[in-house]
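Student: no sequence for this one, just the structure:
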């Protein structure tokens, strides 16, 4: 596992508090990780053994280890060293889905986001009221206000703060226990929770609810909605959704990415900084994307084949991973710079031979039973990206 970006609380997990604009290894998690989730200033990982580990900021006990001590390397979440199938990190709380279909949460609980009927923080996991079975997916929201949602066999349920209608039950009343989202009792395949809004992927397309002032509901309006509304143009053909603080993105069956909402830092990836209340295509990602993720003010996509990642949006702390701390110009996706060099590869060099469309000559010296493979080079702040692997 590798992380990059801001690291003031040790959320990169490499034993330091130094920011990094390129990926660094998380201590002790160089393998055996099946899922990851990044919160406000903390990160969590699900291991192949079904255990949960977290690191970074531990205010309000959001690392789940029974303390409030900051950690710069991963620690086990109390009681969840096995039997977990999914994790979701919000700004100040975390939740886990177990093999039994029940849900547990920990961390801050000032708005009832832990779902246990109280507003008391917890530094160890607590059971969500009424969700002891039948949960199939989970999502944790955040920014400065906090809510949580679960996809269950009887539909979508949400809890926590509800000032903008992000619980989706037609009210703006907070709830410290799960409430049903209006109109989503069936036909939902995925959920995602943003800053003060929520989205769901349904058989009828993408629907969102909650705050809409930043255009994040994607329905062509900038008003709040306490019940789900359809995202314009995405009534079918979507395979995944991701939500940031004030923007959202969708991955289509054709492998292209579309985003909507606030765009002050180029987080929509359309080469503008103009907000959009309807989905717009991310420049250069018109096909072949297989997965997406959204942070506070940025987003990333996985490009198949090469196994490479492109990110776009806010980059003041290096969260785009391109070895800079400036937003891209133009505001379009850039490659995350990961140098995966085999220990037995003694040297690999690339040189630019022409202007315009780059042509690259390669010269390499390898030892042992290794093959030079997947040599991709891009002019990204003068950095050459090289991947060398064994028996590729």
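Tutor: Arrived safely, thanks for sending. Quick caveat, the model's predicted, so the values are computed rather than measured.
Student: measure residue 195 to residue 40 for me?
Tutor: 11 Å (C-beta to C-beta, to the nearest Å). Backbone N, C-alpha and C define where each C-beta goes, glycine included.
Student: For these two, list the residues in contact with both.
Tutor: residue 142 (C-beta atoms under 8 Å, 6 or more residues apart in numbering).
Student: Tell me which of the two has more neighbours.
Tutor: Using other C-beta atoms under 10 Å, the more surrounded residue of residue 195 and residue 40 is residue 195, with 26 against 22.
Student: For the more buried one, which non-adjacent residue is spatially closest?
Tutor: Excluding the flanking residues, the one nearest residue 195 by C-beta to C-beta, 6 or more residues apart in numbering is residue 143, at 3.4 Å.
Student: And for residue 72?
Tutor: Using C-beta to C-beta, 6+ apart, the closest residue to residue 72 is residue 10 (3.0 Å).
Student: do the same with residue 308
Tutor: residue 335 (6.1 Å).
Student: before we move on, the earlier item: what count of nearby residues applies to the residue nearest to residue 195?
Tutor: Neighbours of residue 143 (other C-beta under 10 Å): 18.
Student: quick one: the residue nearest to residue 134 when sequence neighbours are not counted and residue 332, what's the gap?
Tutor: Take residue 134 and drop its neighbours on the chain: the residue closest to it by C-beta to C-beta, 6+ apart is residue 153, 4.2 Å away. Here residue 153 is placed at a distance of 41 Å from residue 332 (C-beta to C-beta).
Student: Can you get me a residue count around residue 75?
Tutor: For residue 75, using other C-beta under 10 Å, the count is 18.
Student: Which parts of the stretch 101-250 of the chain are strands?
Tutor: With DSSP state E, counting those that start in this stretch as the criterion, the stretch 101-250 of the chain has strands at 103-107, 122-127, 135-140, 147-152, 155-160, 175-180, 188-193, 197-202, 205-210, 225-230, 238-243, 247-252.
Student: Equivalent analysis for the stretch 251-392 of the chain, please.
Tutor: 257-261, 276-281, 291-294, 298-303, 308-313, 334-335, 345-352, 360-366.
Student: Neighbour count for residue 153 and residue 332, which is higher?
Tutor: For residue 153 versus residue 332, the count of surrounding residues by other C-beta under 10 Å is larger for residue 332: 17 against 10.
Student: how much space between the closest residue to the more buried one other than its chain neighbours and residue 165?
Tutor: Spatial nearest neighbour of residue 332, chain neighbours left out: residue 283 (4.2 Å); criterion: C-beta to C-beta, 6+ apart. According to C-beta to C-beta, residue 283 and residue 165 sit 32 Å apart.
Student: More neighbours: which of these two?
Tutor: The neighbour comparison of residue 283 against residue 165 (other C-beta under 10 Å) goes to residue 165, with 24 against 17.
Student: tally of neighbours for the closest residue to that one other than its chain neighbours?
Tutor: Distance criterion C-beta to C-beta, 6+ apart; nearest residue to residue 165, sequence neighbours excluded, is residue 226 at 2.8 Å. Other residues lying near residue 226 total 19 when counted by other C-beta under 10 Å.
Student: Repeat that for residue 329.
Tutor: Residue 329: 8 neighbours (other C-beta under 10 Å).
Student: Now it: phi and psi?
Tutor: Main-chain dihedrals, residue 329, degrees, to the nearest 10: phi -130, psi 100.
Student: Next: residue 60.
Tutor: With angles defined as degrees, to the nearest 10, residue 60 sits at phi 70, psi 10.
Student: what's the pLDDT at residue 102?
Tutor: Note on residue 102: pLDDT of 96.
Student: ok, it touching residue 129?
Tutor: No: judged on C-beta atoms under 8 Å, residue 102 makes no contact with residue 129 at a distance of 11.0 Å.
Student: okay but the residue nearest to residue 332 is in contact with residue 328, surely?
Tutor: No: contact between residue 283 and residue 328 fails when scored by C-beta under 8 Å: they sit 10.2 Å apart.
Student: do you know how far residue 216 is from residue 210?
Tutor: 8 Å.
Student: Give the residues shared as contacts by the two.
Tutor: 194, 197.
Student: if we can go back for a sec, which one of the strands of the stretch 101-250 of the chain lies nearest to residue 24?
Tutor: Closest approach to residue 24 among the strands of the stretch 101-250 of the chain is made by strand 238-243 (23.1 Å; C-beta to C-beta).
Student: ok, residue 94 - contacts?
Tutor: Counting by C-beta under 8 Å, 6+ apart, residue 94 makes contact with 37, 39, 42, 44, 54, 62, 64, 77, 87-88, 105-107, 140.
Student: Swap in 7 Å and give it another go.
Tutor: Each residue near residue 94 by C-beta atoms under 7 Å, 6 or more residues apart in numbering is listed here: 39, 44, 54, 62, 64, 87-88, 105-107, 140.
Student: Distance from the strand or helix carrying it to the middle of the chain?
Tutor: Using DSSP states H and E, the element containing residue 94 is strand 93-98. Relative to its chain's centre, strand 93-98 lies at 15 Å (C-alpha atoms, centre = their mean, to the nearest Å).
Student: And stretch 2-9, by the same measure?
Tutor: Worked out by C-alpha atoms, centre = their mean, stretch 2-9 lies 14 Å from the chain centre.
Student: Span of that stretch from start to end?
Tutor: For stretch 2-9, the first-to-last residue distance is 16 Å (C-alpha to C-alpha, to the nearest Å).
Student: Other residues contacting it?
Tutor: Residues outside stretch 2-9 that contact it (C-beta under 7 Å, 6+ apart): 12-13, 16-26, 41-43, 56-57, 70, 317-319, 321, 338.
Student: Quick check: which ranges of this structure have low pLDDT?
Tutor: 305-306, 339-392 (pLDDT under 70).
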